[in-house]
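**Student:** sharing a sequence plus its predicted fold:
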Amino acid sequence: MNTHKKLADLAKTIRSKNAGTDKITFDIIFREKETYEMVKRSKVLTPDSVCQILNVDPARLTDFVEYDPAYAIKFTILRDRPSGSAGDGDIFGAQQYAPFLDVMVDISH
Amino acid sequence: MASLKIICPNGHLGFAPLKTGSFHLGVAAKPDFIAADSGSDDIGPVPLGNDSCASPRAWQEHDLEEMLLAARSLGVPMMIGSAGDTGTNSRVDMYVEIIRDIAARHNLAPFKLGWFYSEVDREYVRAKIRGGSPIRGLDARPELTEDELDATQRIVAMAGVHPFMKLLEEGCDVIIGGRSSDSAIFAAAALSRGYPEAQSYYLGKVLECASFCAEPYGAKETVMGEITPEHVEVTAMSPEQRCTVASVAGHAMYERSNPFHEFVAGGMLDMTDCHYDQVADKTTRVTGMEFEPAAEFRVKLEGSGKVGERFVGMAGIRDPYTIAHVDEVIAWARRQAEERFGAEGWELHYSVFGRNGVMGELEPLKDQPGHELCIVVQGIAPTREMAEEVTMTGTRQLFYARLPDVKGTAGGVSFVLDEVMQASPAYRWTLNHTMAVDDPLELFPTHTAMIG
């Protein structure tokens, strides 16, 4: 039996967006409490793992919150340069979430 | 104390036109105020530095006309913050002119218009620094230095509730604001009618992005917020949307690093103990919010500094060997620019789409490029002529890159256009800071006039 599912198949919303000029914030939101709790238990999204997935120094992670009222895991990183600096490929920070779609979650516990 | 209702038709007025269907349903619900923010720092530093809009004037006029006609027909105040995307003085003047034009065109009965500015002179900030009041950096930025101040073209201060409340107290029917904290526009309306700070700021927080607090996803639809001294209720006006516990609680996270705390000029809205209840099919009620006044009154400053004139070029690559060696191709082109222009005084930026153009260094798959690439080249220099030549060098020399084993010796890249295009000048965010002020109104001079 398949014991793993992609985060994209478990979450209602996986998004990224500017939080001001110097940060990008990521929201991973679940429809049901049970799925949210399961993903939290699986520990696939932790301050360390999200930095590894995005290949950023942990010092750039400014916030990591498990936000129970919205069944959401939320984390924020500092950009390497402010948004809209020449060469920035994503002024709104809206397309930085893609690596999280394929994160595999152990659903067996 | 009865309740107070505010509708918000657009989270960034003019950025895309408001949807009239749900707006008219909102107007039919007889709100006490109609309000929206027209700004965002999402659009990057160019509009602020360049003193231009990010949105076509026709879209801004469309939204202002809908709101003004509705507000005057209901006889309720209309409030707009962050005029023209950035809230600079010229954008405030432009919105004031648009309001005058619409009023004249529709022959509206006389009403009182109020507006305030929020640009801050560089010398004013310098005097604060020299007077021993540091300009503190937000988001891990260091304190502002005079060098960085000198590199700044234009600064706006983020208004809180104070200039809006002053203009409401003076009896204004329509208010056009300079750069504003979006939640403060709505909070000012509620505070002016005596509602408590926590509920008022929460009302602003939940309404600021219009239908982003509703589901299913659909932007530019109207939502209505209703405040009492105990709670805030938010209702989707679009027949297709509902404000649910999930959508309203989820919105508290949107575009901010922390879902529990919202900082405004003068204090902090604490949403840690918020409680959400679905009280009707399209309505969610929120209780439990707190407001903590700040010990010191600090105002957020945004500043943009010019880097140089800018041109853009594009090139495509299909040869797998060239794709595998694209960094060497780029290095070749950059070297040709160095030979022509020297090591400094210009910039070339390469975004390699098909590899990591969107995510840059964050891209986990950057060692797995696609079968074709598009390179976007940005060249920056002090003059247009030089920027054009830098960009042309950085683009056309991709064509001549010398790779040892390339089979295609007639040209290393493809061109959609064998030219480079002038873009907006390059700017960068120089200020994301806060400054202490003695008087909450000191940065925001207000004006009024009778229209009609």
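**Tutor:** Yes, it's here. Residues are numbered from 1 along each chain as shown, chains lettered A, B, ... in the order given.
**Student:** check whether residue B:421 really touches residue B:376, as I assumed.
**Tutor:** No - using C-beta atoms under 8 Å, residue B:421 is not in contact with residue B:376, being 10.8 Å away. C-beta: built from backbone N, CA, C; applies to glycine.
**Student:** what do these two both touch?
**Tutor:** Common contacts of residue B:421 and residue B:376, defined by C-beta atoms under 8 Å, 6 or more residues apart in numbering or on different chains, comprise B:312-313.
**Student:** what about the two, which has more around it?
**Tutor:** Under the neighbour definition other C-beta atoms under 10 Å in any protein chain shown, residue B:421 and residue B:376 were set side by side, and residue B:376 has more, 17 against 12.
**Student:** and the residue nearest to the more buried one when sequence neighbours are not counted, how far from residue B:373?
**Tutor:** Using C-beta to C-beta, 6 or more residues apart in numbering or on different chains and skipping residues adjacent in sequence, the residue nearest residue B:376 is residue B:351, 4.4 Å away. Distance, residue B:351 to residue B:373, by C-beta to C-beta, to the nearest Å: 10 Å.
**Student:** show me where chain A has strands.
**Tutor:** Here chain A has its strands, by DSSP state E, at A:4-6, A:13-18, A:23-29, A:61-67, A:72-78, A:104-106.
**Student:** want to throw those into JSON lines with mean neighbour count?
**Tutor:** Converted to JSON lines, these look like this (neighbours: other C-beta atoms under 10 Å in any protein chain shown):
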{"stretch": "strand A:4-6", "mean neighbour count": "13"}
{"stretch": "strand A:13-18", "mean neighbour count": "21"}
{"stretch": "strand A:23-29", "mean neighbour count": "25"}
{"stretch": "strand A:61-67", "mean neighbour count": "17"}
{"stretch": "strand A:72-78", "mean neighbour count": "23"}
{"stretch": "strand A:104-106", "mean neighbour count": "16"}
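**Student:** now render the ones you listed as a markdown table, adding mean pLDDT.
**Tutor:** Output for the strands of chain A, formatted as a markdown table (pLDDT from 0 to 100):
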| stretch | mean pLDDT |
| --- | --- |
| strand A:4-6 | 96 |
| strand A:13-18 | 95 |
| strand A:23-29 | 96 |
| strand A:61-67 | 95 |
| strand A:72-78 | 96 |
| strand A:104-106 | 95 |
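**Student:** okay if I get those strands as a markdown table plus distance to chain B?
**Tutor:** A markdown table is the format used below for the strands of chain A (distance: least, C-beta to the nearest C-beta, whole Å):
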| stretch | distance to chain B |
| --- | --- |
| strand A:4-6 | 15 |
| strand A:13-18 | 5 |
| strand A:23-29 | 5 |
| strand A:61-67 | 5 |
| strand A:72-78 | 4 |
| strand A:104-106 | 14 |
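**Student:** export those strands to a markdown table and tack on distance to residue B:334?
**Tutor:** Conversion of these to a markdown table gives the following (distance: least, C-beta to C-beta, whole Å):
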| stretch | distance to residue B:334 |
| --- | --- |
| strand A:4-6 | 39 |
| strand A:13-18 | 29 |
| strand A:23-29 | 28 |
| strand A:61-67 | 32 |
| strand A:72-78 | 27 |
| strand A:104-106 | 39 |
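**Student:** I'd say residue B:382 and residue B:309 touch.
**Tutor:** Yes - look at residue B:382 against residue B:309 with C-beta under 8 Å: they come within range, at 7.0 Å.
**Student:** who has more neighbours out of the two?
**Tutor:** When residue B:382 and residue B:309 are compared for neighbours, residue B:309 comes out ahead with 22 against 13, by other C-beta under 10 Å.
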